[in-house]
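Trainee: Here is a sequence together with a model predicted from it:
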Number of protein chains: 2
Amino acid sequence: MKQDLKQAVEFSHSILTEQLQAGANVIDATVGNGNDTEFLAELVGAEGQVWGFDIQSQAIETTKDKLAESELLERVTLIQVGHQKLGQYISAEIDGILFNLGYLPGADKEVTTTVETTLQAVKAGLERLVEGGVMVIVIYTGHQAGKEEAEALLEYAQGLNYKEYNVLHYHFINQASKPPEALVIKKRG
Amino acid sequence: MKQDLKQAVEFSHSILTEQLQAGANVIDATVGNGNDTEFLAELVGAEGQVWGFDIQSQAIETTKDKLAESELLERVTLIQVGHQKLGQYISAEIDGILFNLGYLPGADKEVTTTVETTLQAVKAGLERLVEGGVMVIVIYTGHQAGKEEAEALLEYAQGLNYKEYNVLHYHFINQASKPPEALVIKKRG
């Protein structure tokens, strides 16, 4: 009967649902298996637009099929390129950006996001973000690379000017299993 | 149009709204000006019960008037005693507990919660909490005593056995003004 507290992915979806309206322009910076892309495509509605980035062709293909099946492909542009280059592909003002970092389930575990490219992508994303827009980053600290990535992201986000951004950290602090964390960066409007 | 991210007090209310059902037994461990008490009384409905603790008579009187006005007094028991003693006054199983720490606006600033009594009250509250129940603590780190209280609470909560509790920390990490933080302790069901 009593539900669990929202895990980070669920929390990221609830923040985006609260913050975005139908017709929004959004970026899925980490397409992966396409679950988030599909969620975003539903959220923005027929008038909205989603750009999805992933460096792996497998991610792009799987997601294309998934979106075609749910008849959402029309509102999504999938781009097979590292998300650090998103600034080159998008000139529109963006209302929301989602990063869900870490491995693509079932794919090459060597192809994970790296600290450097993630930070580049976050910066490029913030530059595209409209005033009042929001970025949500789901971070995995269960493996060493993820832990370093989390530290770098938190340090970067903590240093963002409070007059321009409000940064929220949502994390479980007593779990042995290191559940994912969420970082929310809201651009002041 | 675009709304701000939820501040800690608002987040505490949304967690309790998600987690509690009509008919719940809840504790407001820090009655203060009665805003939270009123919120909780509405939330639990006519079949629910609220116990409110505050050491200051001013808080109890103000809240009594407020609840009488909104015709919610019948479902609330106000107890003028330090919340560290709540275990002596409550034997019922409790579904939710809210702490909103810090000063009572307009009252004697010397009468703030202290690290020791807060920790005692939190422990006493967790003992009364039903499986699946939830405690939410809103912490103020803007003054020195609050900062020490926050550190002690976080350290205590971080040490709670993950098999029995799930502990969530919700806080803004780049603000000069040190906005309040929320700590959520969910007892596994």
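Mentor: Yep, that arrived.
Trainee: State the three-state secondary structure for A:G23.
Mentor: coil (DSSP: H, G, I helix; E, B strand; the rest coil).
Trainee: Verify the contact between it and A:E47 for me.
Mentor: Yes. With contact defined as C-beta atoms under 8 Å, A:G23 and A:E47 form a contacting pair (4.0 Å). Any C-beta I mention is one placed from the backbone N, CA and C, and that applies to glycine too.
Trainee: between these two, what contacts are shared?
Mentor: Counting by C-beta atoms under 8 Å, 6 or more residues apart in numbering or on different chains, A:G23 and A:E47 have no shared contacts at all.
Trainee: Helices of chain A, start to end?
Mentor: Using DSSP state H, the helices of chain A run over residues A:8-19, A:35-44, A:57-69, A:86-89, A:115-128, A:144-158.
Trainee: which one of those is the most hemmed in?
Mentor: Compared across those, helix A:35-44 shows the largest average neighbour count, a mean of 22 (mean count of other C-beta atoms under 10 Å in any protein chain shown).
Trainee: What's the mean pLDDT across that helix?
Mentor: The average pLDDT within helix A:35-44 is 98.
Trainee: Over to stretch A:161-180?
Mentor: For stretch A:161-180, the per-residue pLDDT averages 96.
Trainee: repeat for stretch A:13-24
Mentor: The model assigns stretch A:13-24 a mean pLDDT of 97.
Trainee: Span of that stretch from start to end?
Mentor: 15 Å (C-alpha to C-alpha, to the nearest Å).
Trainee: Tell me, please, the helix or strand in chain A that averages the lowest pLDDT.
Mentor: The helix or strand of chain A with the poorest confidence is helix A:144-158; it has a mean of 93 (mean pLDDT, DSSP states H and E).
Trainee: list the helices and strands it packs on?
Mentor: Helix A:144-158 is packed against helix A:115-128, strand A:129-139, strand A:165-172, strand A:181-187, with contacts defined by 3 or more C-beta pairs under 8 Å, 6 or more residues apart in numbering or on different chains; DSSP states H and E.
Trainee: residues in contact with A:S177?
Mentor: A:S177 sits in contact with A:G142, B:Y162, where contact means C-beta under 8 Å, 6+ apart.
Trainee: distance of the closest residue in space to A:E42 that isn't next to it in sequence from chain B?
Mentor: Closest residue to A:E42 apart from its sequence neighbours, by C-beta to C-beta, 6 or more residues apart in numbering or on different chains: A:L72 at 6.7 Å. Distance, A:L72 to chain B, using C-beta to the nearest C-beta, to the nearest Å: 24 Å.
Trainee: cool, and A:Q21?
Mentor: For A:Q21 relative to chain B (C-beta to the nearest C-beta), the value is 8 Å.
Trainee: can you check A:E149 too?
Mentor: Distance from A:E149 to chain B, by C-beta to the nearest C-beta: 16 Å.
Trainee: residue contacts, that residue?
Mentor: With C-beta under 8 Å, 6+ apart, A:E149 has these contacts: A:L101, A:T113, A:T114, A:V115, A:T118, A:I139.
Trainee: if we can go back for a sec, so the least confident helix or strand of chain A versus strand A:165-172, what angle?
Mentor: Counting by axes from the mean of the first three to the mean of the last three C-alpha atoms, to 10 degrees, helix A:144-158 lies at 140 degrees to strand A:165-172.
Trainee: Residue numbers of chain A in contact with chain B?
Mentor: Counting by C-beta under 8 Å from any C-beta of the partner chain, the residues of chain A lying close to chain B are A:1-5, A:15, A:18-19, A:21, A:132-134, A:154, A:157-162, A:165-177, A:184, A:186, A:189.
Trainee: Only whichever of those residues are buried, select them in ChimeraX.
Mentor: To isolate the buried ones among these in ChimeraX, judged by 16 or more other C-beta atoms under 10 Å in any protein chain shown, type:
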select /A:2,5,15,19,133,134,154,157,160,162,165,166,167,168,169,170,171,172,173,174,184,186
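Trainee: ok, back up a step: out of the contacts of A:E149, flag the one nearest to B:L67.
Mentor: Taking C-beta to C-beta as the measure, B:L67 lies nearest A:I139 of these, at 42.9 Å.
Trainee: is it true that the closest one touches A:P179?
Mentor: No. Between A:I139 and A:P179 there is no contact, the gap being 10.4 Å when judged by C-beta under 8 Å.
Trainee: Give the intersection of the neighbour lists for those two.
Mentor: A:A8.
Trainee: With neighbour numbers in mind, choose between the two.
Mentor: More neighbours surround A:I139 than the other of A:I139 and A:P179, with 23 against 18 (other C-beta atoms under 10 Å in any protein chain shown).
Trainee: got a list of what that one touches?
Mentor: Shown in contact with A:I139 (C-beta under 8 Å, 6+ apart): A:A8, A:L101, A:G146, A:E149, A:A150, A:L153, A:P180, A:E181, A:A182, A:L183.
Trainee: Look up how far B:S14 lies from A:I15.
Mentor: As for A:I15, its distance to B:S14 is 12 Å (criterion: C-beta to C-beta, to the nearest Å).
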